[in-house]
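Undergrad: Quick one: sequence plus predicted model below, questions after.
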Amino acid sequence: MSAAADAPARGRALTAEVPRWRVTLGLLARTPTAAAAALVLLTVVLVALFDDQLAPAGPNDVDVQARLQGPSAEHPFGTDDLGRDVLSRVLLGAQVSLRVGLVAVGISLVVGTLVGTLAGFYGRWVDSLLMRLMDVLFAFPALLLAIAVLAVLGPGATNAMIAIGITYTPVFARVSRAAVLGVREQVYVRASRSVGASDARLLLRHVLPNAAPPILVQTSVSLAFAVLAEAALSFAGLGIQPPAPSWGGMLASGRGFLEQAWWMAVFPGLAIFLLVLSFNLLGDGLRDVLDPQQRSAMEAGRRRIRSRGKAEAAADARGAA
Amino acid sequence: MTIENGGGDVLVSARGLKVHFPVRSKGLRRRQVGAVRAVDGVDLDIRRGETLGLVGESGCGKSTLGNALLRLVEPTAGTVTFDGTDVTALDRRGLRSLRRRAVMVFQDPYASLDPRIPVGRTVAEPLEVHGLHPGAQARAARVAELLELVGLDPGVAGRYPHEFSGGQRQRIGIARALAGEPDFVVCDEAIASLDVSVQAQVLNLLRRLQRQLGLTYLFVSHDLAAVRHVSDRIAVMYLGSVVEVGTAAQVAGRPRHPYTRALLSAVPVPSPGAERGRERIVLRGDVPSAAAVPSGCRFRTRCPDVFEPCPVVAPALADRGDGQLAACHLHGVVGERVPADVAEAGRLP
Amino acid sequence: MSAQTPQPAPQPAREGARQPVLSVRDLRVRMGTPRGVAEIVNGLDYDVHPGETVAVVGESGSGKSVSVMALMGLLPRTATVTGTAEFEGRDLVGMSDAQLRTVRGNGISMVFQDPMTSLNPVLTVGRQITEGLLAHGDLPKRAATERAAELLGEVGFPDPRGALDRYPHQLSGGMRQRVMIAIALAGRPRLLIADEATTALDVTVQAQILELVARLQAEHGTGVIWITHDLGVVAGIADRVLVMYGGRCVEDGVVDDVFDAPAHPYTRGLLGALPARLGPELDAEEPPELVTIPGTPPLPTDLPPGCVFWPRCPVRSDPRCEREQPPLLEVSRPQVGGRPAGLPHRAATWCSEGRP
C-alpha cells in the first residue's frame, strides 16, 4: 500500500488534470452492474419525457369489447379490465412513479439528513429534542401516518409525495445520526477543528461526505419503498387519482385479476422491480466509486487481475499488511 | 509558587489548571454524582523555543492537558496564557487566531487524515480557514512548499491518505499543522503508532523543523526514551497532576520522585547486558481511578517509600535550588541516595 | 536458503540438553491477492526448547505475526502454508482443524496484543477460563472453577475468587492481560506464543507482566515465542532472537551476540534508530541525530529478487546484493574449550562487515 506513494510516477494518480466527476463517471461506467442500472434508469427517464410519442394508445382509451385480452401484436402487454392498453399505461405511468419516488425520497433525504446530522453533530439537548420528535413520527405505522397526512392535506399526487416524504424522514434521521455520530469522533474531524475550522466547514467538508455511504444506501432502499407506498396510497384512493396511470395503482388494481389476466399486474410489477433494482445497483456502485480506497482497489484490480472482486481485494490487501 | 525557573521567555503557561469531566447518574435526571479529575491543578511553563516533554502512563491526563492548553478541551478551572493572552477568556475571533498559532500533531496517522480528501487539500485546510496565501495558485505553491518541508514529493498532493504509509501520513499531518506558521506545536503521542525505524525519521524531522522554524513543542508521550531524546525539559504526570519537572538530564538521569524512578526502571533498554544487571522497581497494583483520587499524595497507594505524612498532606512541587522540582515528602531524603543505580541501568554500554 | 546450513544439534540456551518442544523448518506462507501472490513468510527455521524464550522481532509487515498464526492454523483459507513445524513430534502444518483444536489451548497457547478485544465482554472472567478447561480436560465443573481461581491467583490476582465473577470491563488493561495469561496457562501448555502481548500496556504494567511470564516459565519449563517490535523487551526476556524483515529471517542468534555485534545492516539500523539513552551523561550536549532507515519495507507481493533489504540498505556494495538471495550463514559461534558450543549467530547478508 505504501510503495505506491514512494514512486509518484508509478500508477495513475487522480490528480487535477482530469476532473473528479469525470473519473467517477468513468469508473462507474466500467462497473458492469452499475452501468446496466444507469442504462435502465436513463431509459425510464427518456420514456417519462417522451411518453406521449411512445405510447401506442392513450392511457384512458377505453375499449370494453377488448377487455382482459392477453398479450398480442396489437397489445403487447395485453389489456386491462376496461380494455385499456397496458403497455401505454406502463409507459405513461413511468413519469408518475419516477416523480413520486424522487420527490418523496428527496423530501425525506433532505429533511431527515438535516435533522439527523444536527442531532448527531451537536448532541445534548439538540439531539434529545430532534430525535424524540422523530421517534414520535416513527412510532406510527408508516401507512397510517401517510393516510393521516393525506387526510389533512387532501388526496392528490403532490400531497402523496409529501406524505410519503414525511413518513420516511425518521429513517433518514436515524441513519444519518448514527453515521454522523461515528464520524464526529474521528481524529480527522478533531484535527480539522484544531486548525480552526468552523462547524459549517467540519460538517460539509468532513462529516457529511464520510457519513454519506449508509445514507446513500438508505436512499436507494427508500426509493423502492416510496414507489410501493405510492401504490398502496393509490390503492386506498388517496394517491394518484384514477384514471391517471401509475404503476402502483395498476399493480393494485391488477391484483384482483391475477387469475384471469396476469399481465395486468405482472407488467407494472416488472416495471417497478426494474426501477427499484436499478436504483439499488446504482446506489451500490456510487458508494464504491466515491470511496477513494475502493477506487484505488478498482484501478489496481483492473490493472492486475481483472476477474476478482474489489471488496475482496481490499480485504486481502489489509490482511497481507 | 511557580514552576518558572532559570529564566527564559515563557510562551505558554498554565496556572492551577483543572479539567474535570462530570460523572452523571443513570436515568432521567442525570444528576452529577462525581467527576473524573483528568487534570487536577497543574502549574506549568513552556519556554519559547524549547521542547517540554510530558510523560506519564495512559489515563494520567497528559493528553487532556495538551488539549486544554490549546483549549480543544474546556478547562474547568485555572488559566492558560499563550504569549501573554489569557486563552481561557478568548472570544470566537481570538480563538481562531489561537488555532493558527498553536496547533496539534495527532497520534494515529491512519485516523487523523480525512480518507475522502486528497492530502494536498488536507494540508491546505489551515490556509483556507485563516485566509492565508489567497488564490488557487498561491495556495498550491504553499502546499508544495510544505510537503517538501516535511520530506515528501510535492507531486503527491492529489493522492489520497490510503496510498501512503504510516510515516508518510504522519509527515502530512505535520505539514498540515505547520501550514499556518504556528509558534507552538503539541505533539500528542505523535510517534506512538509508528514502527521503530519510522519513529526515528519523524523524531529527526520534528527536531529539524524546530531548529528551522523556531518552534516550541510540547511533546506528549508515554515513551520515556523518545521524550528523553527530544526534550529540553521533562514533566512527569501521575493521576492528573505533575509530580516532577526538570531538565531532561535531571529527570531522566537523577529522578527524585519515586514514581519517576519506577517509571524509568520499567523502561526496557535494548541491551541484554544492562537488562540483566538491572533492578526493577515493580509498582504494586493499578493506577487508582481519576474519579476517586487518594487523599494526600496521589501516588501513596503504590509508592514503595510511603510514610506518615503521605495520606494526610498533598506534597507541592518543591525546588531544591537546582531547578528540578518534585512533589514528594521524601524529596531531599530519597533524592540523595537512589539515582545512581537507576541511571546505571538506563545507560547503554 | 536454509538448506545450506544444517541445523546444529539442539542445545538449549540455559536448560539441559533436551528435545526442542517446537521445531520449525522452512516455513513459508503465501497468499493470493489481486495485486499478485503475497510471499508473507519465506523460509523460517528455528527451534524452541523447554524453558527457553525465542523472540521474533520485526516491524509491521515483516511477517512475524503471520508466521505464528500459520503454526496455529489461524490464517484465512486463502493462505498456503508449506514447510514443517514439529510440536512434540507432530507436524502442525497440514494438521486438520480437529487435530489442531486438540493442540490449541492445550499444548500450545497464545496471548494476543489487545486484552480489550480478546476477552468476551458479556462473559465473566471465571466462565472464560473454565470454558477452556471444560473443553479440553474431563474436569467436573466444580473442579474447573477451583482450578480457575487457582490460575488467577497464580497470575497475581489478589482476590482470585472474587475475580471469577467480574466482567472484563471491570478490570484494568494489565489485569485483563493477566486473565488472558491465566486462560493460556489453563491447559498447561508446553509452548506459549505471545503476539505483542505487552504492546498495548504501560511500561510499569508491562514490567509486571514480563516478570509474571518469566516466573511462570521458570516454574513450568514452558517454551515461549515472544513476538514484538520492542527491542528493549527482547533484550530483557529473550534467550535467542530472530530478526525478521520482508518475511525472511535476516539474523538470528543468542540475544547477546545479536545485540552486541549485529551483523545484518537492518538489525544495525533498527538498533541505531532507538533513542535509548536514559542516563545522566547527556547533561548539556545536544542528543545525536537518530540513525534512520530510508524508505519503507517491501510489499510482500513485490519482494526484490536479491537481498530483501537491498533497496533500503545503506552499505550495499556486493554485486550479488541486488540479484541473489543471501543464505543465512554462521557469523560466529560460541566456543567452549576450543570447540563450538551452543547455537550459532547467523545472518543473511552478503555484507562482509561484522563477519569474522
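TA: Structure received. Numbers count the residues shown, from 1 in each chain, chains lettered A, B, ... in the order given.

Undergrad: rest of the way, CA atoms for contacts and neighbours
TA: Fine.

Undergrad: And whichever helix in chain A runs longest, what does it pack against?
TA: When chain A is parsed with DSSP state H, its longest helix is helix A:86-122. Here helix A:86-122 touches helix A:32-49, helix A:51-54, helix A:124-139, helix A:157-184, helix A:208-235, helix A:247-255, helix A:263-290, going by 3 or more CA pairs under 8 Å, 6 or more residues apart in numbering or on different chains; DSSP states H and E.

Undergrad: Of all those, which one is nearest residue B:277?
TA: Each of the helices and strands packed on helix A:86-122 has some distance to residue B:277 by CA to CA; the shortest is helix A:157-184, at 48.8 Å.

Undergrad: other SSEs contacting that closest one?
TA: By 3+ CA pairs under 8 Å, 6+ apart, helix A:157-184 packs against helix A:86-122, helix A:124-139, helix A:142-153, helix A:208-235.

Undergrad: Could you single out the most deeply buried of the ones you listed?
TA: helix A:86-122 (a mean of 24; mean count of other CA atoms under 10 Å in any protein chain shown).

Undergrad: what's the average pLDDT for that helix?
TA: Across helix A:86-122, pLDDT averages out at 90.

Undergrad: That helix vs helix A:32-49, what angle?
TA: 120 degrees (axes from the mean of the first three to the mean of the last three CA atoms, to 10 degrees).

Undergrad: any idea how far helix A:86-122 is from the chain center?
TA: Chain-centre distance of helix A:86-122: 7 Å, with CA atoms, centre = their mean, to the nearest Å.

Undergrad: what do you get for stretch C:232-241?
TA: Computed by CA atoms, centre = their mean, the chain-centroid distance of stretch C:232-241 equals 10 Å.

Undergrad: got it, and stretch A:219-237?
TA: Put simply, stretch A:219-237 sits 12 Å off its chain's centre (CA atoms, centre = their mean).

Undergrad: What mean pLDDT does that stretch get?
TA: In the prediction, stretch A:219-237 has an average pLDDT of 80.

Undergrad: Could you do stretch B:274-286 as well?
TA: Average pLDDT, stretch B:274-286: 79.

Undergrad: Could I get the CA-only coordinates of that stretch as PDB?
TA: The C-alpha trace of stretch B:274-286 is given here as PDB (Å, rounded to 0.1, in the frame of the first residue of the first chain):
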ATOM      1  CA  ALA B 274      22.200  -3.900  31.000                       C
ATOM      2  CA  GLU B 275      18.800  -5.600  31.300                       C
ATOM      3  CA  ARG B 276      20.300  -8.500  33.300                       C
ATOM      4  CA  GLY B 277      22.100  -6.300  35.800                       C
ATOM      5  CA  ARG B 278      19.100  -4.100  36.300                       C
ATOM      6  CA  GLU B 279      16.900  -3.700  39.300                       C
ATOM      7  CA  ARG B 280      13.300  -3.100  38.500                       C
ATOM      8  CA  ILE B 281      11.000  -1.200  40.900                       C
ATOM      9  CA  VAL B 282       7.800  -3.000  40.100                       C
ATOM     10  CA  LEU B 283       4.900  -1.000  41.300                       C
ATOM     11  CA  ARG B 284       2.100  -2.700  43.100                       C
ATOM     12  CA  GLY B 285      -1.400  -2.700  41.800                       C
ATOM     13  CA  ASP B 286      -3.100  -0.400  39.300                       C
END
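
Undergrad: Which single residue of the stretch 101-250 of chain B ends up nearest chain A?
TA: Residue of the stretch 101-250 of chain B nearest chain A, by CA to the nearest CA: residue B:112 (4.0 Å).
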